[in-house]
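build the 3D model from these lines:
(one chain, ligands or ions: 1)
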Amino acid sequence: MKYGYYDNENREYVITRPDTPAPWLNYLGNGQFSGIITNTSGGLIFNKDAGNHRITRYNFNNIPWDRPGRYLYLKDMESGEYWSPTWQPVMKDLEFYECRHGMGYTKISGTYEKVATDITYFIPNGKNYEVWKVKIKNKDNKPKNLKIFSYIEFSSYIAQFDIEADWPRYFMECYRKGNAVVFNPSDDWIKIKDILSFIGTDLPIDSFDCDRDKFIGRYRSETNPIAVENGACGNNENSADNCCGSICSKISLAPDEEKEFIFTVGITDNDEKIKDILAESTNLEIAEKDLADLKEFWNDHINKIQVNTPDEEMNTMLNCWHPYQCKMTFNWSRFISYYERGLSRGWGYRDSMQDVLGVIHSVPDAVKTRIKTLMSIQFSRGDAKAVYFPGTGKSNGGGRSDDHIWGIFSVCSYIKETGDYAFLDEKVPYADCGEGTVYEHLIAGLEFTRRNVGEHGIPLFLHNDWNDSLKLISTEGKGESSFVFFQAAHAAYELIRLFEHIGDKEKLDWANDYYDWCRSVYEKLWDGKWFLRGFTDYGEKFGTDDDEFNKIFLNPQSWAVLSRLPSKEQGNSCFDNVNKYLLCEMGVASHAPASEGLDVKKKSFFGLPAGVRENGGLFFHASTWAIIAETLLGRNEDAYSLYHRELPTVRNDNVDQCFIEPYVYASSMVAPVHPKYKMGVGSWLSGTASWMFVAATQYILGFRPDYDGVIIDPCVPKEWDKFNYSRMYRGIKCNVTSGKLPCEGARSTALIVDGEKIDGNFIPFDKIKGKKEVNIEIIY
Ligand code: GLC
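Numbering: from 1, shown residues only. Model prediction:
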């Protein structure tokens, strides 16, 4: 069944019924003052750091779902009826409901008893407040005498305290000041210095409540607050208890009359300033302009690449949702979503290093800063801490085998996109002592990997590699990881190409020596038909045809091909077997057959049920590398077929089984071996976003920025008639057009660039430098 559709013209996903199989999310804000909002106005608001500066509460994994949020109640003072125009939390059957998730805003419309309400939620760029722009219209032929109540629940700024203990509420203070309810906890424990939060409006206040439990009433919930039933708040200020922000105002509407007003939720450092903030934030003209600016901002971000292919589902993703998801993933790593609770995850070193890949073409400066921030939690010996918290600058964790290698792909991709070779010489501190250049950080990481190998000469698995759920392979500390091996080999291959371009012999010799070491070792991982996943603590092969379970893993096959070490025959054999063992209707499994239960001696290392997440689930993040590998092997049809079946847009008709939003990627989906086949896991914040963007734009559509130029090398199916796209590259709008492939698997052999023929598939930057726009036609 369908719950909505894509309004591509307005860049919105339109949800047409509120009871979606899971709350469907959007993000407000862009990395600073921000929030998550669901299709029924649930979610929370925070400032930069959802763990250390949370402003409103949200009860994750709670029953009833998706509470609290940013609520408005309407009460008809004649009939006594009350409702939520956003459906939640009162959940009365609305005569009309629609939620439009757009780029940086969400608009929810609800009609009840012929009162039509539209609420547009957004955070203006650069502002420390969220706007709820409300339009309310009486569609009845009799006047309406209404009251409106706002409701948010204030959170301890340090969210963990709020969840773990009762004592934070004793530090809370909340009061009315002017047209706002102000939350100003004691300057101790739960407070970030000099920050207070508020909710305010331009409506005249009839009554207010700061006391959550008095507003809701005993043994009630947000569904039936006593204050709303009574038709008035109790004017309760609050000390030493849970706080809410409820403002109640009267609204009378003649037949057909429409009114507009605004509520805002924000932060400031002094309650005297709230009056001025409200004057600005509740001004309708300013709000209209801020919303228009916001739309323009996102259009500008998204328009950097626009595609027109025969695949409409692909177009919808690439022309709107996919670049938007990449930016939100860049902003929040795995920190805060409906599935990530904004507590312990911050910006993961490995995750964020990968997330930058989806936004280098649009925000290169922010990428550069992010790479340096992450590198500053790398140790001088090469490995890195695991997590960085943007609000506090604190970091923790570490001991993993893959973290420190990811930076090589980020830095090389950044230099290819921008030509900023000087970045390599910039200094970045180490987490322990001293500092090194970006180049030295990269080398330290690869050296660490080469120093820490096991008895087969393959890098040790350590605490874990990319796969968080395989750690039991190395309880004795002896397990070895083919993933890390091929990851390092691919990194060395990338560095060879970089140093060749720079012409630095010393560095090139180092990278060649590293790659030679990889070449001398890789055959140890060949299992006859595919590559092993590694060796266990007991020195046994893992991911081998000899075993009944966990025979073949996807990642080693993909990364082996990416490393360019295997022969073409080996690569093809790997992917023939990927197709045979791992492919299904909705995607490709991480490995198969997945084992059930834990038994380290029998090589059953996964505690997860078979088919779920890293234990043989359809792990989309990992499938992106398979798509890229297939393009490198020249398997056009396979690459595209896998890409297409995993598009979120493909599951719009199937959401009762898939549950999650059909407009963004999830990290994984349950595989056919499990009864919950097709259930989506962890939408929004996933490495799938950035790598799938790379796979789609650079490898399938084939626009691949390279050192001092761009490679145009599409890998598309034969059935495509023609396609074209535009892509900004170093300030130049590149318009690429292609006709039908002459035969299956055909690749570009020449390009016509503004009428001039170039042999091969590479356009040197010097050829197009200084132009505003360039037309590129592909010849096969
Ligand atoms: C999740 C984690 C990521 C990890 C992957 C596989 O996506 O965020 O860090 O690599 O799972 O375990």
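
rest of the way, CA atoms for contacts and neighbours
Will do.

would you agree V673 is in contact with N615?
No: look at V673 against N615 with Cα atoms under 8 Å: they stay out of range, at 10.8 Å.

the more surrounded of these two?
N615 (28 against 16; other Cα atoms under 10 Å).

and the gap between G51 and K772?
In this view, G51 and K772 are 44 Å apart by Cα to Cα, to the nearest Å.

quickly find the element holding the closest residue to the ligand within the stretch 251-400 of the chain.
Taking Cα to the nearest ligand atom, the ligand has its nearest neighbour within the stretch 251-400 of the chain at D351, 5.3 Å off. Per DSSP states H and E: D351 is located in helix 349-355.

so for that helix, mean pLDDT?
The average pLDDT for helix 349-355 rounds to 98.

got the CA positions of it in CSV?
Output of helix 349-355 as CSV, limited to C-alpha atoms (Å, rounded to 0.1, in the frame of the first residue of the first chain):
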residue,chain,number,x,y,z
TYR,A,349,35.7,8.7,12.7
ARG,A,350,35.1,6.0,10.1
ASP,A,351,31.5,7.1,9.5
SER,A,352,32.1,10.8,9.0
MET,A,353,35.2,10.2,6.9
GLN,A,354,32.9,8.3,4.5
ASP,A,355,30.1,10.8,4.8
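
which other helices and strands contact it?
helix 322-332, helix 364-375, helix 406-418, helix 687-694 (3 or more Cα pairs under 8 Å, 6 or more residues apart in numbering; DSSP states H and E).

redo those helices as TSV? Include mean neighbour count and mean pLDDT.
Below are those laid out as TSV (neighbours: other Cα atoms under 10 Å; pLDDT from 0 to 100):
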stretch	mean neighbour count	mean pLDDT
helix 322-332	26	98
helix 364-375	19	98
helix 406-418	22	98
helix 687-694	27	98
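
could the ones you listed be laid out in JSON lines, adding distance to I158?
Compiled in JSON lines, the helices and strands packed on helix 349-355 are given as follows (distance: least, Cα to Cα, whole Å):
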{"stretch": "helix 322-332", "distance to I158": "17"}
{"stretch": "helix 364-375", "distance to I158": "23"}
{"stretch": "helix 406-418", "distance to I158": "30"}
{"stretch": "helix 687-694", "distance to I158": "27"}
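
can stretch 671-684 be found next to the ligand?
No: applying Cα under 6 Å from any ligand atom, one finds stretch 671-684 separated from the ligand by no less than 8.5 Å.

what does the chain put close to the ligand?
Checking the chain against the ligand by Cα under 6 Å from any ligand atom, the hits are 351, 466-469, 667, 686.

which of those residues fall in strands?
If you go by DSSP state E, the residues of the chain next to the ligand have S667 in strands.

of the residues of the chain next to the ligand, closest to K416?
Distance to K416 across the residues of the chain next to the ligand (Cα to Cα) is lowest for D351, with 20.6 Å.

can I assume that closest one is in contact with N331?
No: counting by Cα under 8 Å, N331 is not a contact partner of D351; they are 11.4 Å apart.

any idea how far D76 lies from the ligand?
According to Cα to the nearest ligand atom, to the nearest Å, D76 and the ligand sit 47 Å apart.

let's see the pLDDT reported for that residue.
So, for D76, pLDDT stands at 98.

isn't it up against I148?
No: the criterion here is Cα under 8 Å, and D76 misses it with I148 at 9.1 Å.

and the two? which has more neighbours close in?
Taking neighbours as other Cα under 10 Å, D76 and I148 compare with I148 leading, 23 against 19.

give me the three-state assignment for the residue nearest to the more buried one when sequence neighbours are not counted.
If the residues on either side of it in the chain are set aside, I148 comes closest to L74, at 4.7 Å by Cα to Cα, 6 or more residues apart in numbering. The three-state assignment at L74 reads strand, by DSSP: H, G, I helix; E, B strand; the rest coil.

among the helices and strands of the protein, which has the poorest mean pLDDT?
Lowest on mean pLDDT, DSSP states H and E among the helices and strands of the chain sits helix 159-164, with a mean of 91.

neighbour-wise, which of G51 and K772 wins?
G51 (27 against 12).

pull up the per-residue confidence for N555.
Looking at N555, its pLDDT reads 98.

ok, it - contacts?
By Cα atoms under 8 Å, 6 or more residues apart in numbering, N555 lies in contact with 483, 533, 590, 622, 625-626.

that one belongs to a helix, doesn't it?
Yes: assigned with three-state DSSP, N555 falls within a helix.

neighbours around E476, how many?
Neighbours of E476 under the rule other Cα under 10 Å: 11.

from the ligand, how far off is the residue lying closest to it once chain neighbours are set aside?
Closest residue in space to E476, ignoring its immediate chain neighbours: D537 at 5.8 Å, by Cα to Cα, 6+ apart. For D537, the distance to the ligand (Cα to the nearest ligand atom) stands at 20 Å.

quick one: the strands in the stretch 551-700 of the chain, in order.
552-553, 583-584, 587-588, 591-592, 618-619, 666-669, 680-683 (DSSP state E, counting those that start in this stretch).

make a markdown table from those and add distance to G436 to it.
Below are those laid out as a markdown table (distance: least, Cα to Cα, whole Å):
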| stretch | distance to G436 |
| --- | --- |
| strand 552-553 | 37 |
| strand 583-584 | 44 |
| strand 587-588 | 40 |
| strand 591-592 | 39 |
| strand 618-619 | 36 |
| strand 666-669 | 34 |
| strand 680-683 | 36 |
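
make CSV out of the ones you listed and add distance to T544 and mean neighbour count.
Shown next, in CSV, are the strands of the stretch 551-700 of the chain (distance: least, Cα to Cα, whole Å; neighbours: other Cα atoms under 10 Å):
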stretch, distance to T544, mean neighbour count
strand 552-553, 6, 29
strand 583-584, 18, 16
strand 587-588, 18, 26
strand 591-592, 11, 26
strand 618-619, 20, 30
strand 666-669, 24, 26
strand 680-683, 28, 22
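
out of these, which is closest to E288?
Nearest of the strands of the stretch 551-700 of the chain to E288, taken as Cα to Cα: strand 680-683 at 30.6 Å.

partners of that closest one, with directions?
Next to strand 680-683 in the sheet, as set by DSSP bridges, lie strand 666-669 (antiparallel).

identify the residues contacting G607.
469, 596-598.

of the residues you listed, keep whichever come out buried.
The neighbour-count test (16 or more other Cα atoms under 10 Å) applied to these identifies 469, 596 as buried.

closest to A232 among the contacts of G607?
Out of those, the member with the shortest distance to A232 (by Cα to Cα) is S469, at 52.2 Å.

returning to that earlier point: got a list of contacts for the least confident helix or strand of the chain?
50-54, 155-156, 168-169, 190, 343.

mind checking how far G398 is from D383?
From G398 to D383 the distance is 8 Å (Cα to Cα).

so which of these two has more stuff around it?
Just comparing G398 and D383: by other Cα under 10 Å the higher neighbour count belongs to D383, 25 against 19.

confirm for me that that one is in contact with R400.
Yes: at 7.5 Å, D383 and R400 qualify as touching, with contact defined as Cα under 8 Å.

buried residues, stretch 332-347. List them.
Those buried within stretch 332-347 under the rule 16+ other Cα under 10 Å are 332-338, 340-347.

state the pair within those residues that is farthest apart.
Pairwise distances across the buried residues of stretch 332-347 (Cα to Cα) peak at 16.5 Å, for the pair Y338 and W347.

can you show me the helices along the stretch 351-500 of the chain?
Counting by DSSP state H, counting those that start in this stretch, the stretch 351-500 of the chain has helices at residues 364-375, 406-418, 438-451, 482-502.

could I get the buried residue list for the longest one?
Within helix 482-502, the residues that qualify as buried by neighbour count (16+ other Cα under 10 Å) are 482-499.

what's downstream of it, the next helix or strand?
Later in the chain than helix 482-502, the nearest helix or strand by DSSP H and E is helix 505-521.

could I have that following helix exported to PDB, CA atoms only?
Extracted in PDB, the C-alpha atoms of helix 505-521 (Å, rounded to 0.1, in the frame of the first residue of the first chain):
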ATOM      1  CA  LYS A 505      59.400  10.400  -6.100                       C
ATOM      2  CA  GLU A 506      60.000   9.700  -2.500                       C
ATOM      3  CA  LYS A 507      56.400   9.500  -1.600                       C
ATOM      4  CA  LEU A 508      55.700   7.500  -4.700                       C
ATOM      5  CA  ASP A 509      58.400   5.000  -3.800                       C
ATOM      6  CA  TRP A 510      56.800   4.600  -0.400                       C
ATOM      7  CA  ALA A 511      53.300   4.000  -1.900                       C
ATOM      8  CA  ASN A 512      54.700   1.600  -4.500                       C
ATOM      9  CA  ASP A 513      56.500  -0.400  -1.800                       C
ATOM     10  CA  TYR A 514      53.300  -0.600   0.200                       C
ATOM     11  CA  TYR A 515      51.300  -1.800  -2.800                       C
ATOM     12  CA  ASP A 516      54.100  -4.300  -3.600                       C
ATOM     13  CA  TRP A 517      53.600  -5.700  -0.100                       C
ATOM     14  CA  CYS A 518      49.900  -6.000  -0.800                       C
ATOM     15  CA  ARG A 519      50.500  -7.800  -4.100                       C
ATOM     16  CA  SER A 520      52.800 -10.300  -2.400                       C
ATOM     17  CA  VAL A 521      50.200 -11.200   0.100                       C
END
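
fine by me, we can end here.
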